[in-house]
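J.: All I have is the shape, not the residue letters:
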Ligand SMILES: [Zn+2]
């Protein structure tokens, strides 16, 4: 099992910062990948929206579900020595690279949790 560990507040700002274009579906992040004009799609000028499942309340709910349901599973794998920890605070391409390195090293298969 690979655990991609991200600081709670950092994760919250990544998720709540997400904006979607209702016309072309392009995804932005007001913190990490903002559009050139605030709240406006670079490609077609549509007003960006926050999806229902990116709202603060829904995200907190998802993170709570993670704590209650997924963390105990991670703990089980950690105790049996089969948990691989990856630092999720790095930029996305570096996280991806580390995950693939670990898969190559251990020959593990990943499943998404949370
Ligand atoms: Zn668009």
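T.: Cool, the structure landed. Quantities reported herein were computed from a predicted structural model and do not represent experimental measurements. Numbering: from 1, shown residues only.

J.: which residue sits closest to residue 38, ignoring its sequence neighbours?
T.: residue 30 (8.0 Å; Cβ to Cβ, 6 or more residues apart in numbering). Placement of C-beta: from N, CA and C, glycine included.

J.: That neighbour: neighbour count?
T.: 16 (other Cβ atoms under 10 Å).

J.: do residue 86 as well
T.: Residues near residue 86, counting by other Cβ under 10 Å: 18.

J.: Pass me the low-pLDDT residue ranges in the protein, would you?
T.: 108-114 (pLDDT under 70).

J.: who in it is up against the ion?
T.: 21, 23-24, 26, 41, 43-44, 46 (Cβ under 5 Å from the ion).

J.: Mind naming the longest helix for this protein?
T.: Of all the segments of type helix in the chain, defined by DSSP state H, the longest one is helix 92-106.

J.: Which secondary structure elements does that one sit against?
T.: Applying 3 or more Cβ pairs under 8 Å, 6 or more residues apart in numbering; DSSP states H and E, we find helix 92-106 packed against strand 2-5, strand 84-87.

J.: Going by neighbour count, list what's buried in the first one.
T.: Spelled out, it's strand 2-5. Going by neighbour count (16 or more other Cβ atoms under 10 Å), the buried part of strand 2-5 is 2-4.

J.: Find the residue closest to residue 50 in space, skipping its chain neighbours.
T.: residue 19 (6.1 Å).
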